[in-house]
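Peer 1: here is a sequence together with a model predicted from it:
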Amino acid sequence: MRSRRATVVAALLALGAALAVVAGAYATPNRAAAPAAQAGSDAAQVKCGKTRTIGLMAPVTGPAASLGKQQVDWAQYYLSTYNKTHKTKIKFQTEDTQLGAPTGTAEALKGAQALAGGPNVLGVVGPAGSNEIVGITKTLKDAGLAWVSGSSTRTSLTTDGTRTGYMFRSVPPDAIQGPTAANYIIKKLKYKRAYIIDDQETYSTGLADVVEQTLKAAGVTVQRDGVSQQQSDFSSLIAKIPRDTQIVYIPWQLPPKGQAFGNQMKAAGKGSIKLMGADGLFDSSFASVGSHVYDTNFPLNPKSKVIAGFKKGHGGDGEYFGAPTYAATQVVATAIDKACSNGTASRAEVRAAIRATKIPAARSLLGLAIRFNRNGDLATAHKFGLYKSNGNVFVPIPG
């Protein structure tokens, strides 16, 4: 007969075994669920297969749709040429950001969330606006996604350390664009009286600050104002501009607004005052205001065969604002190809590959080699292009 102590010990051992079985039963589903929980995350391995997915964020609709069309057209042009010459293919998951909409960056955030949750999305092209990037940074970073913008220029986006290793851009920052515009006003036009109007958004205020500081340092008298992107009647604002003003600088994002402002300037009898925009207004609608209109836009190689091929397929229109989005797509696709060399890739691997990307000038439509500094800016970009309207479109200013 077993002792009372032996009986208790046996009972405890049996209870322990039963608990282990129960625990094992619950642990097994958790382990099985782990890969699903990690889908679309930083380290999750994606089977590359024959088709790779790139997120594309652009203002397909909304107030900046004319610029978004150019970016999408150029991204699609890269996709079509790539898919014709590669056994592997790329496709886009396109998200409309509606840049400049009354809802602010809400649509951009929705798009970022959709891309973050897409398990096959390995990298992102876009978004367009600097303010959009501020709004989507946490979402894309938390998902491990790197993005390459073909138009966001606010300097602090890459210098404040918030997005290091995640954000890259195929255009120079406002630290280059601003002085380019200001020095043309100072040294070429030799103007002494300027009026600056920002549109109260991240991109615009940052660029306006740089130009204002540069002009004032050179002794130019500068008056500053701001206006909402939602405003359409600029009569009260135009009335405040002194008639002896030589140039009005408006670094806005929405070409229809720039066009309306310029036409209202003429209607108010102030059409002789020169008008200068920035890359966000580099569109034929703004150029149509008249031959007194200037603009800055991204550096490009006018002799590029890529640009010639694009123009041939788009009725001779170069859609130059969107061209750096081609370069951004080229970077992301090249990085994914590298990360997929062993058949699988993670978002972390694509981020590292983007950071290490080197595209020689001969293969770049920008007219310069593409490689990034530690901040994610183009290490080779030192200037912006200057343009003047011929009454219909912008043409480069020599030199």
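Peer 2: Received, thanks. Not measured: the values here are computed from a predicted model.
Peer 1: where do the domain boundaries of the protein fall?
Peer 2: 46-172+301-368, 175-297+386-396 (automatic domain parsing).
Peer 1: just send those back as a markdown table, with mean pLDDT and distance to residue 379 too.
Peer 2: All C-beta spots, glycine's among them, are computed from the backbone N, C-alpha and C. Listed next are the domains of the chain as a markdown table, based on pLDDT from 0 to 100; distance: least, Cβ to Cβ, whole Å:
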| stretch | mean pLDDT | distance to residue 379 |
| --- | --- | --- |
| domain 46-172+301-368 | 96 | 9 |
| domain 175-297+386-396 | 96 | 12 |
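Peer 1: for residue 377, which of those is the nearest?
Peer 2: domain 46-172+301-368 (5.2 Å; Cβ to Cβ).
Peer 1: which SS class is the closest residue to residue 314 other than its chain neighbours?
Peer 2: Among residues not flanking residue 314 along the chain, residue 73 sits closest, at 6.7 Å (Cβ to Cβ, 6 or more residues apart in numbering). Secondary structure, DSSP: H, G, I helix; E, B strand; the rest coil: residue 73 is helix.
Peer 1: ok so, going back, now render the domains of the chain as a markdown table, adding distance to residue 378 and mean neighbour count.
Peer 2: Below are the domains of the chain laid out as a markdown table (distance: least, Cβ to Cβ, whole Å; neighbours: other Cβ atoms under 10 Å):
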| stretch | distance to residue 378 | mean neighbour count |
| --- | --- | --- |
| domain 46-172+301-368 | 6 | 20 |
| domain 175-297+386-396 | 10 | 19 |
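Peer 1: redo those as CSV? Include distance to residue 376.
Peer 2: Listed next are the domains of the chain as CSV, based on distance: least, Cβ to Cβ, whole Å:
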stretch, distance to residue 376
domain 46-172+301-368, 4
domain 175-297+386-396, 14
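Peer 1: and residue 285, what element?
Peer 2: helix 284-287 (DSSP states H and E).
Peer 1: residues contacting that helix, please?
Peer 2: 66, 255-256, 258-259, 262, 277, 293, 295, 389-394 (Cβ atoms under 8 Å, 6 or more residues apart in numbering).
Peer 1: which stretches of the protein form strands?
Peer 2: Shown for the chain, the strands assigned by DSSP state E span residues 46-47, 51-58, 89-96, 121-125, 147-149, 167-169, 193-198, 221-226, 247-250, 274-277, 293-297, 344-345, 385-389, 394-396.
Peer 1: so the closest residue to residue 245 other than its chain neighbours bridges to which residues?
Peer 2: Nearest non-adjacent residue to residue 245, counting by Cβ to Cβ, 6+ apart: residue 195, 4.9 Å away. Beta-bridge pairing of residue 195 under DSSP bridges involves residue 223, residue 248.
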